[in-house]
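In: Following is a predicted model, sequence given first.
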Amino acid sequence: MDVGIVYEDGDILVLNKPAGLITHPKNISDTQDSVTGWLIEKFPNIKNVGEPFVASGKEVPRAGVVHRLDKDTSGLLIVAKNNEAFFYLKKLFQNRKIRKYYLALVNGRPKEPKGVISAPLGRVGLKRTARLTGKKLVDKKEALTEYRTLKEFKHHTLLEVSPHTGRTHQIRVHLNSIGTPVSGDKIYGFKRVKSPSGLMRLFLHAYKLEFTAPSFAKASEGRPDGKNLVLEADLPEELQNTLNMLE
């Protein structure tokens, strides 16, 4: 998989993850290509950075990954290169001081051109799929998603989406809940409005990040001195081609 490095200093990496690549294995036996596997190969010293994932009672190396993107979502992903940076970034996420922005093409059109969706999310049993309601809902947590319309097409709308919380499948569930599922979403979408012809993946791309970089590395290692970062990643070619076709 073609993982790109958008930014690097002595403390962090910001990667551009392609769609189709998982962020980390689901358990120690999972042999799928993953971001963590790529990181361990390219940056061996990063393997034990951060708290390991525990799956099926066994630890899976985190390799500095601070947050995750769904397999079918492309875009920007922050990775810590040392433990000081990892826990600094973890605290920023907990305090909602890292702003994440996505581009999402949705089927249909929201009733309001911009708005905030506030609806708690949980899982049904042990399934990873998220739900707003359900008799057996577990791990129900607050979830907040802000969106605004960037462009309207005949049957679709391009949105900029900013999740203020980081729940599993949050954007996909929230946008579906207001009647505008993400185009190409085979889990949460519905067939009332078909996705654009030729779209073979989920149209969801994490295109922008805003945060204050950590400054734990030595100056000789590329210390960023705690500067404010605004990083962007262009739409992948296949998604840009979809928009061009809708024009």
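Out: Done, it's in. The structure presented is a predicted model; accordingly, all values stated were derived computationally and were not measured.
In: And the contacts of stretch 30-50?
Out: 1, 3, 13, 15, 17, 21-25, 60-66, 77, 79-83, 86 (Cβ atoms under 8 Å, 6 or more residues apart in numbering). Placement of C-beta: from N, CA and C, glycine included.
In: I'd like to know which of those are part of helices.
Out: Under the assignment DSSP state H, those contribute 83, 86 to helices.
In: how about the residue nearest the centre of the chain, phi and psi?
Out: Geometric centre of the chain, nearest residue: residue 69, 3.4 Å, by Cα atoms, centre = their mean. Main-chain torsions, residue 69, degrees, to the nearest 10: phi -120, psi 150.
In: which residues does it contact?
Out: Counting by Cβ under 8 Å, 6+ apart, residue 69 has contacts 17, 23, 75, 77, 206.
In: Spit out the contact partners of the first one.
Out: The contact partners of residue 17, by Cβ under 8 Å, 6+ apart, come to 3, 23, 35, 69, 73-77, 206.
In: what's the closest non-adjacent residue to it?
Out: What sits nearest to residue 17 in space, not counting adjacent residues and going by Cβ to Cβ, 6 or more residues apart in numbering, is residue 77, at 5.0 Å.
In: wait, the one you found sits on residue 14?
Out: Yes - the pair residue 77 / residue 14 is scored as a contact, 7.1 Å apart, by Cβ atoms under 8 Å.
In: What residues are bridge-paired with residue 228?
Out: residue 212 (DSSP bridges).
In: pLDDT score assigned to it?
Out: With respect to pLDDT, residue 228 scores 93.
In: And residue 81, by the same measure?
Out: 96.
In: what do you get for the one 3 residues further on?
Out: Each residue has a pLDDT score; the one for residue 84 is 95.
In: Might you report the residue contacts of it?
Out: So residue 84 contacts 11, 214, 216 (Cβ under 8 Å, 6+ apart).
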